[in-house]
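Q: Here is a sequence together with a model predicted from it:
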Amino acid sequence: MELLQGLETAIQAEVLIFILLGTFVGLVLGALPGLDATTGVALLLPVTYVLAPVPALMFFVSLYAAGVFAGSITAILFRIPGSSEAIMTAIEGHHFTARGEAGVALGVAVVCSAIGGIVATVALFTVTPMLASVALQFGPSEYFALGILGLSCIAAVSADDPVKGLIAALIGLLLSTVGIDQITGVKRFDFGVTSILGGIPFVPAMIGLFAASEVYRRIAERNLMLVSEVGEGGSRFRVRLPRLAELLRLRWTVLRSSLLGLFVGILPGAGATTAAILGYSMEVRLAKDPSGFGKGKIEGVAAPESANNAAAVGAMIPLLSLGIPGSGTTAVLIGAFLIHNLQPGPFLFLNHSDIAYALFSGIAITNLTILLLAAVFIPFFARLVLLPYPVLATSILSVSVIGSLSFGDVNSVAVMLAFAVLGLVLEATRYPLAPVVLGMVLGPIVETSLRRALLMSGFDFWEILTRPLTAVLLSIAVVFVLTPGAHALWRARQRRPHR
């Protein structure tokens, strides 16, 4: 009965208008580098003062979900991750643009994002208390094992040259140690630059590593034919939604990644970016032939897009059921609840169950709305490829600078430019970029969680390894690391002539 009342509230004309508006704003902010969903919610929080509780909360929830997806648009078209959640999509998806198949990749991205969000919404309706209680069992040792599981993907994404992949990962891990040590408070590798005491700003670094470095690479190679690469008629560009047969082929990829993203989203502080990386990592590990990943494989787009949207919705589960934010954006969302004298947690269901269930229905509607608005919104960005590349390159670099400035001062721009040079050098010497990203994202999780776990266990490493969840996750990581080598030995033995 409460579910029906929530749906009835969510489909009221006033509420639907704000769902549409929030989705549109989220698409715009998510597609622009440096302006993600968290920034949008923080900037627009004062809007809640003049709105009723349900329309206000619906606006921000739809902005959040749409913002997580929208980063994939520029990631696929221009290799510019509009948000950190789209990093893995940029690595895989831009190859489709280079082959003239951008519409295919964008269609898969939008449909898989919607499916991931809907799968997580079903969990919101059904198993919110249970999932949140399981997530609370994750301590520092489990977070450490989860990070190691993500890093185990390196062996597969750099199968062509494992040594270069390992070196690239070590570069990322080293970069993740810059700033104040979270355990001791000691400064590390800051070289007297106060702006990086909190660590290297991630978004400016990723903008430089992917967007700016791509521009510099094209200019250096005199490869200025982006229009012909898109190859879908420019102004006639359309998003080609996947056919039923194609979706059925991707069904296990989408389901696995959605469930993984849902669980990672529930973990406080893990975030949709980590979910996207783990979803991509898992798909690489389970593929019969992982060599196609990193070169434009459709599963490499479907997996992170399903995972990051499921994680965005999953982050609402601890917020609504326990009052614990599952991500940075949901932490900001608490402010919207408090403005209307609503306390997220068990009392929300006790005293305002109508609002809670209306939010559940609104999240489901938002994921369907993304499908509708994306068909109109994406071609607008795609038409930009009609611009002469010198104009487009100048525009990309200008947006990169502005996006970097939104995360600090001119030092953030310097970080962006430094990472642009790093990306250019790495690609020129055929070092993969994916392990660098994995190291930078998962490095702080692995290091901080391990050290906290050691402190809690009295530096008894065996006690950490024998915790049930930790042991399971680390065992899976070991299997993932050893599998490529075992597979290579098996293939070599098969090719050996029989006597």
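A: Sure thing, it's come through.

Q: Give me the distance between E85 and A169.
A: 20 Å (Cβ to Cβ, to the nearest Å). C-beta here means a position set from N, CA and C on the backbone, and glycine is covered the same way.

Q: Who has more neighbours out of those two?
A: E85 (33 against 26; other Cβ atoms under 10 Å).

Q: close enough to count as contact, that one and A272?
A: Yes. Counting by Cβ atoms under 8 Å, E85 touches A272, with 4.5 Å between them.

Q: which residues do the two both contact?
A: By the contact definition Cβ atoms under 8 Å, 6 or more residues apart in numbering, E85 and A272 are jointly contacted by 68, 308, 312.

Q: and those residues as TSV, adding neighbour count?
A: Output for the shared contacts of E85 and A272, formatted as TSV (neighbours: other Cβ atoms under 10 Å):
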residue	neighbour count
V68	36
N308	37
A312	34
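
Q: Among those residues, which lie within helices?
A: With DSSP state H as the criterion, helices contain 68, 308, 312 from among the shared contacts of E85 and A272.

Q: Around V472, how many other residues sit close by?
A: Neighbour tally, V472, other Cβ under 10 Å: 13.

Q: what do you get for H352?
A: H352: 18 neighbours (other Cβ under 10 Å).

Q: repeat for E246
A: Counted with other Cβ under 10 Å, E246 comes out at 17.

Q: One more: A428?
A: Neighbour tally, A428, other Cβ under 10 Å: 12.

Q: same thing with A331?
A: 18.

Q: Can you list the residue ranges for helices in the stretch 351-499 of the chain?
A: 353-382, 389-405, 410-428, 434-456, 461-465, 468-495 (DSSP state H, counting those that start in this stretch).

Q: Show me what the third one is packed up against.
A: Using 3 or more Cβ pairs under 8 Å, 6 or more residues apart in numbering; DSSP states H and E, the elements in contact with helix 410-428 are helix 202-206, helix 213-221, helix 389-405.

Q: Report the distance from stretch 442-449 to the chain centre.
A: 17 Å (Cα atoms, centre = their mean, to the nearest Å).

Q: Over to stretch 289-297?
A: Computed by Cα atoms, centre = their mean, the chain-centroid distance of stretch 289-297 equals 19 Å.

Q: Is S291 in a helix, a strand, or coil?
A: helix (DSSP: H, G, I helix; E, B strand; the rest coil).

Q: Tell me how many other residues crowd it.
A: Using other Cβ under 10 Å, S291 is surrounded by 13 other residues.

Q: ok, it to T470 distance?
A: Noted for S291: a distance of 31 Å to T470, by Cβ to Cβ.

Q: Please apply the same query to R251.
A: Taking Cβ to Cβ, one finds R251 at 31 Å from T470.

Q: who's more crowded, those two?
A: T470 (23 against 12).

Q: and the ones in helices among the shared contacts of E85 and A272 as CSV, adding distance to V178?
A: Rendered in CSV, the data for these read as follows (distance: Cβ to Cβ, whole Å):
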residue, distance to V178
V68, 27
N308, 25
A312, 28
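
Q: for those, which one is nearest I118?
A: A312 (12.2 Å; Cβ to Cβ).

Q: Does the closest one touch A272 like I think?
A: Yes. Between A312 and A272 there is a contact under Cβ under 8 Å: 5.0 Å.

Q: burial measure for L405, as a count.
A: Residue neighbour count, defined by other Cβ under 10 Å, stands at 16 for L405.

Q: surely it meets S412?
A: Yes. Using Cβ under 8 Å, L405 makes contact with S412 at a distance of 6.3 Å.

Q: any shared contact partners between the two?
A: If you check L405 and S412 against Cβ under 8 Å, 6+ apart, no residue is contacted by both.

Q: Would you tell me what the next helix or strand after the worst-scoring helix or strand of the chain on mean pLDDT is?
A: In the chain, the helix or strand scored least confidently by mean pLDDT, DSSP states H and E is helix 226-230, which has a mean of 46. Under the assignment DSSP states H and E, the closest C-terminal helix or strand after helix 226-230 is helix 244-249.

Q: for the next helix or strand after that next one, which positions count as buried?
A: Next in sequence after helix 244-249, counting helices and strands by DSSP H and E, comes helix 251-266. Within helix 251-266, the residues that count as buried by 16 or more other Cβ atoms under 10 Å are 253-254, 256-266.

Q: now do stretch 177-188
A: For stretch 177-188, burial by neighbour count (16+ other Cβ under 10 Å) applies to 178-179.

Q: what's next to it, contact-wise?
A: Residues contacting stretch 177-188 (Cβ under 8 Å, 6+ apart): 189-190, 196-200, 443-444, 447-448, 451-452, 455.

Q: what do you get for stretch 10-21?
A: For stretch 10-21, contacts defined as Cβ under 8 Å, 6+ apart pick out 9, 51-52, 54-56, 58-59, 62, 358, 361-362, 365-366, 369, 373.

Q: Most neighbours among the residues you listed, please name it.
A: M58 leads those on contacts (other Cβ under 10 Å) with 32 neighbours.

Q: could you say which helix or strand contains that residue?
A: Per DSSP H and E: M58 is located in helix 53-78.

Q: who does the helix or strand that that helix is followed by touch, helix- and strand-wise?
A: Counting by DSSP H and E, the next helix or strand C-terminal to helix 53-78 is helix 87-98. Contact analysis of helix 87-98 by 3+ Cβ pairs under 8 Å, 6+ apart lists helix 53-78, helix 102-126, helix 226-230, helix 271-286, helix 299-314, helix 434-456 as its packing neighbours.

Q: mind running it again at 6 Å?
A: Here helix 87-98 touches helix 53-78, helix 102-126, helix 271-286, helix 299-314, going by 3 or more Cβ pairs under 6 Å, 6 or more residues apart in numbering; DSSP states H and E.

Q: so which of the ones you listed is the most packed in?
A: The highest average neighbour count among the helices and strands packed on helix 87-98, using mean count of other Cβ atoms under 10 Å, belongs to helix 299-314 at a mean of 35.

Q: Rounded mean pLDDT for that helix, please.
A: The pLDDT scores in helix 299-314 average 87.
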